[in-house]
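A.B. asks: Starting from these lines, generate the structure:
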Amino acid sequence: MDTINPSEYVRRSCRAVMDRAAHVRIHEPAIDAYVRELAAADPTTPGHDPASHYLDGGAGTAAFFLTLDAINFGSGYFPFLRKRPGLSGYFTVASALADRFRSRGPLAADELATISAAECAELFGQDAGHPVVGELMARFARALNDLGELLAVRYGGSCTALIEAADGSAARLIGLLAEMPYFQDVQLHAGEPVAFYKRAQLAAADLALAFGGAGWGRFEDLADLTIFADNLVPHVLRVDGILVYSSELATRIDSGELIPAGSAEEVELRAAAVTAAELLVAAARRQGLAWTAMDADYRLWNRGQQPYFKQVKPRHRTRTVFY
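C.D. replies: Numbers count the residues shown, from 1 in each chain. This next block holds a predicted model:
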């Protein structure tokens with residue numbers, strides 16, 4: 001990992017991508033008005049859905065979010081998932097994991113380290129024989145194996161010990177999690193490394209929200225985080241006219257073509273979302289609003305849950321372990 005603060009590394013490297021981007025650009029003149037629109041549609045207070053998350057207020061909750069964020073990816077596979085009634089791919093996975101925690105408790109480090117793709121399919125109610133879903137279950141198993149091995153070798157099998165090792169710093173937690181390959185969310189663009197650390201940053205934010213910023217959710221540098229770059233935020237920004245795609249890229253996305261992980265187009269989509277959110281935060285502050293990038297992310301993610309954004313045009317799909 002770069003020696004600077006990892007979130008600052010994300011900002012700088014994403015800004016550099018946008019300086020040379022060929023497929024995505026930010027329509028900066030629309031930023032100020034867009035902030036006013038987002039502010040007027042003030043969302044509900046951020047919070048975890050208790051029906052889909054395990055919120056016992058103790059070590060089980062800490063284990064739940066580390067486990068969930070280890071596998072909080074697969075949006076490019078989600079069209080093929082067997083979803084629970086009325087739930088998205090993410091909430092299907094989260095609620096299945098929460099059910100496991102409620103019925104049998106957290107997965108111990110040795111269980112995580114040895115869980116198989118078939119066992120993941122059973123846990124999440126999926127068809128392991130489906131070629132696309134089976135690939136995702138194999139990736140889930142690898143992610144959980146990595147977490148279990150890290151916990152066993154470095155932290156006595158304890159999720160809370162891993163969190164405590166960060167000593168109240170989201171930056172340190174990102175570094176600890178990035179020791180696992182599926183958290184090493186860094187790509188190349190024009191030969192230069194570009195960091196996102198989507199799920200590692202999200203883990204800190206999830207813990208902070210779950211514990212009200214105290215105990216295992218206390219991170220003094222939480223405001224330093226960037227948005228959690230995935231495929232929903234750029235989609236919302238595109239629909240709202242903040243991001244503009246090249247005609248070729250727009251056609252490919254709108255036709256449902258997969259955008260390869262690590263391709264110039266995919267990196268630019270995510271980097272544009274990060275950089276646009278930074279511009280939104282700066283504009284919000286000029287307007288007297290004390291926003292952080294997390295605030296912008298929540299507003300944009302919440303906005304993307306509206307049926308309109310799901311119906312007007314498709315978001316980009318990429319099969320990756322990073323979102």
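A.B. asks: how much space between residue 39 and residue 291?
C.D. replies: Distance, residue 39 to residue 291, using CB to CB, to the nearest Å: 9 Å. For the C-beta atoms, the positions are set from N, CA and C on the backbone; glycine is no exception.
A.B. asks: Also residue 247?
C.D. replies: For residue 247, the distance to residue 291 - CB to CB - is 32 Å.
A.B. asks: Comparing the two, which residue is more hemmed in?
C.D. replies: Ranked by neighbour count (other CB atoms under 10 Å), residue 247 and residue 291 place residue 291 first, with 21 against 8.
A.B. asks: Verify the contact between the more buried one and residue 282 for me.
C.D. replies: No: the pair residue 291 and residue 282 fails to qualify as a contact (CB atoms under 8 Å) at a distance of 9.1 Å.
A.B. asks: can you give me the strands in this protein?
C.D. replies: 24-26, 186-189, 192-195, 243-245 (DSSP state E).
A.B. asks: Check which strands are paired with the third one and give the direction for each one.
C.D. replies: Partner strands for strand 192-195, per DSSP bridges, with pairing direction: strand 186-189 (antiparallel).
A.B. asks: Quick one: residues in contact with the strand it pairs with.
C.D. replies: Residues from elsewhere that reach strand 186-189, judged by CB atoms under 8 Å, 6 or more residues apart in numbering: 17, 20, 193-197, 262, 264, 266-268, 271.
A.B. asks: Spit out the contact partners of the closest residue to residue 227 other than its chain neighbours.
C.D. replies: In this structure, residue 227 finds its nearest non-sequential neighbour in residue 297, 3.9 Å apart by CB to CB, 6 or more residues apart in numbering. Going by CB under 8 Å, 6+ apart, residue 297 touches 227, 228, 233, 277.
A.B. asks: contacting residues for residue 84?
C.D. replies: 91, 92, 95, 96, 125 are the contacts of residue 84 under CB under 8 Å, 6+ apart.
A.B. asks: Fine by me, thanks again.
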